[in-house]
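> Sequence first, then the predicted structure:
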Amino acid sequence: MFETVLIANRGEIALRVLRACKELGVRTAVVYSAADADSVAVRLADQAIRIGPASSRRSYLNAAAIVEAARQVGAQAVHPGYGFLSEDADFAEICADNGLIFIGPPPAVMAALADKSSARALMSRAGLPLSPGSIAPVPNAAEAAEVAEAVGYPVIVKAAAGGGGRGMTVVHTPGELRRAYARTRAAAQAAFGDDRVYVERYLTEARHVEVQVLCDSHGNGVHLGTRDCSVQRRHQKLVEEAPAPALPAAVLDTIAETALRGALDVGFVGAGTLEFLVDAEERFHFLEINCRIQVEHPVTEMVTGIDLVHEQLHIAAGVPLRWRQEEIRLHGVAVECRVNTEDPERGFAPTPGRLERFTPPGGPFTRVDTHASAGYLVGPWYDSLLAKVIVWAPDRELALNRLERALDEFDIAGPGVHTTIPFVRRVLDDAAFRKGRYTTGLVDRLLGVPGAAPAQRPTATPAPRPAPAAKPDATHRRTR
Ligand code: MV4
C-alpha cells in the first residue's frame, strides 16, 4: 500500500477519500484553495498544501500546482475524487510523467473512453447493445439526416467529447435536424474544443441504470450490481438507489454481467461505472462509461458492504482484486438524496451564504457524507453539493420511509440559503416513484415542464429477451 496519497479535491469527497486512506494506514496530504483553508479535510489531513485562490481553474484544476504539491509531500499517488481533474487523461499522463500513480484507469484507456464515440465503438465491439445510431462521428448534416431517417425520430445529437449530459440536443422532427446538428457542433467546439458529434435514436420514458465495476491491474473484475439514477434535473442527479427497482433480477444480472464484460474487454482498471438506458420493453442500451468514483457510490457500498475507495486504493497499488464475483452479495436497498444549496422555487439557482444551523440526521442505517457544519460558509465558487443522505433498509418501502425520516431531522438554516430537500420530498412522495416505476421524465413532470412525460409509464410487457450470455467464470478475466 502507498505511504502517502495526495487528495486532489475538496468538499465531501475529499473527506471521503481521506477517511479511506486513514483506515488503510496511508498518510494523507490534501490540496486546498484559499476558499477552503478552514475545511475539515485540511484539519484532518496529515499535511495540507495551499495551491491557489478560490477560482477552481487556478487551484483544483491546476495540474502543475497539484503535481508540485505531490512532490513536496513525497506522495506516491494522487486521488482525484470526482469532477475537477478526475476524468482528464492529460492530467493522468502528467502524473505518470512525474512518477505519480493516478488513482484511475491508465491514461490511454481514459482517453479512449472519454471520447463517447470511441467508447461506443469499443463497447459495441465487446458485444454491448447500443442505442440505435451512428458509431463513428457524423461528418455533415446530410449524413445526420440519413442516420435519423434510418433509426427514426426523435433523435439526439451528442458531442463525442461531451458526457454527463453536456453537449446534447434532442431533435423531434426532420425539419429541426439541420440546425440542431450545426448548433451542437458549434457548442461542442466552444465547450470542448472538439466539434465531432454522433446521432442516436432518443429513447423516451427510459430508466437510467448504471453498473458499478471494479477491475484490477491483473485482468480481474467484479461487478457490484446496479443503481437507478433516473431522477435527474438537467443531468444533475437528485436521488439514486441500489439496486435498480422494479426490474426482474434476471434482467439486472444480465445488464451487470454485460457491463463487466465490456469493462474488462476495453482494459478498464479501477472503479468504473457503465451507464445504460433501459427502455419500457426492458431492453438495455449502453450510453457511456465513467472512469471515476461517482457521487452516488455510497448506495452501492451500503448494499454490498464493500468500501469502494479502499478498493480503488488497493487496485492502484497493484493488489489483485480481493473479491470473487460469487462473494459479492446484494443485501436490501439503499437510497441516497443530494442536499444542494439551491432553490427549487427559483429554477434551482445556487443560494450561497453562511449556515447558522446545520444538524444532520442520525439513527440506524443512516449515513451523511458532508464537509459542512454549523458556521460553514457556502461560497459561490464550486458546485452546490452540501451533503448526501444515504439510508439502508431490508426493503425499498422501509428505505424510503427511513430517508423521509432522516430528511425530517436535517436542520439547515442560514440567511438566503435554500436546499433541494423540499423537492426531494416531492420525489419521495410521488406515486410512480414509490412503486419504482419511474423514468428519466420524472423530474420534468414534477416541475410541470411543457411536453413532460405522462404520470406513469405503462407497466412493462416484457418483450422476449435474448438468451442471457453464457454464465461467466467465477472471477472474470480479460479475454484479450
Ligand atoms: C440519452 C437519452 C435518451 N436517448 N440518449 C443523459 C446523460 C448522458 N449520460 C446520457 N443521457 C441520456 N442519453 C438517448 N439516445 C436520455 C439520457 C438521459 C436523460 C435525458 C433527459 C432527461 C433526463 C435524463 C436522465 C438520464 C439520461
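Looks like it came in fine. Residues are numbered from 1 along each chain as shown.
> ok, the residue most central in space within the chain to the ligand distance?
Nearest to the mean C-alpha position of the chain, by Cα atoms, centre = their mean, lies Gln294 at 4.0 Å. To the ligand, Gln294 is 12 Å away according to Cβ to the nearest ligand atom, to the nearest Å. Every residue, glycine included, has its C-beta placed from N, CA and C.
> Next: Glu68.
Here the criterion is Cβ to the nearest ligand atom. By it, Glu68 lies 34 Å from the ligand.
> Enumerate every residue touching the nearest residue to that residue once chain neighbours are set aside.
Among residues not flanking Glu68 along the chain, Ile51 sits closest, at 8.0 Å (Cβ to Cβ, 6 or more residues apart in numbering). Contacts for Ile51 (Cβ atoms under 8 Å, 6 or more residues apart in numbering) come out as 31-33, 59-60, 62, 65-66, 68-69.
> Tell me how many other residues surround Thr226.
Residue neighbour count, defined by other Cβ atoms under 10 Å, stands at 29 for Thr226.
> give me phi/psi at the closest residue to it other than its chain neighbours?
Sequence neighbours aside, Ala244 is the residue nearest to Thr226 in space, at 4.2 Å (criterion: Cβ to Cβ, 6+ apart). For Ala244, the backbone dihedrals are phi -60, psi 130 (criterion: degrees, to the nearest 10).
> what's the neighbour count on Ala244?
25.
> who touches it in this structure?
Going by Cβ under 8 Å, 6+ apart, Ala244 touches 207, 209, 226-228, 252, 278.
> What of Arg227?
Contacts here follow Cβ under 8 Å, 6+ apart; on that basis Arg227 touches 209-212, 240-244, 296, 299-300.
> quick one on the thing from earlier: if any of the contacts of Ala244 are buried, give me the ChimeraX selection for them.
To isolate the buried ones among the contacts of Ala244 in ChimeraX, judged by 16 or more other Cβ atoms under 10 Å, type:
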select :207,209,226,227,228,252,278
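> Tell me where the stretch 201-350 of the chain has helices.
Using DSSP state H, counting those that start in this stretch, the helices found in the stretch 201-350 of the chain span residues 249-265, 297-304, 308-316.
> hmm, back to that, and the residue nearest to Thr226, what pLDDT?
You'll see Ala244 listed with a pLDDT of 98.
> swap in Thr204?
89.
> and what of the one 10 residues further on?
Model confidence at Leu214, expressed as pLDDT, equals 98.
> now swap in the one 3 residues further on and tell me
At Ser217 the predicted local confidence, pLDDT, stands at 98.
> residues from the stretch 201-350 of the chain in reach of the ligand?
Residues of the stretch 201-350 of the chain that fall close to the ligand, judged by Cβ under 6 Å from any ligand atom: 201-203, 208, 232, 235, 275, 277, 287-288.
> Drop the exposed ones from those and show what's left.
201-203, 208, 232, 275, 277, 287-288.
> Can you pick out the most distant pair from those residues?
Pairwise distances across those (Cβ to Cβ) peak at 19.6 Å, for the pair Arg201 and Gln232.
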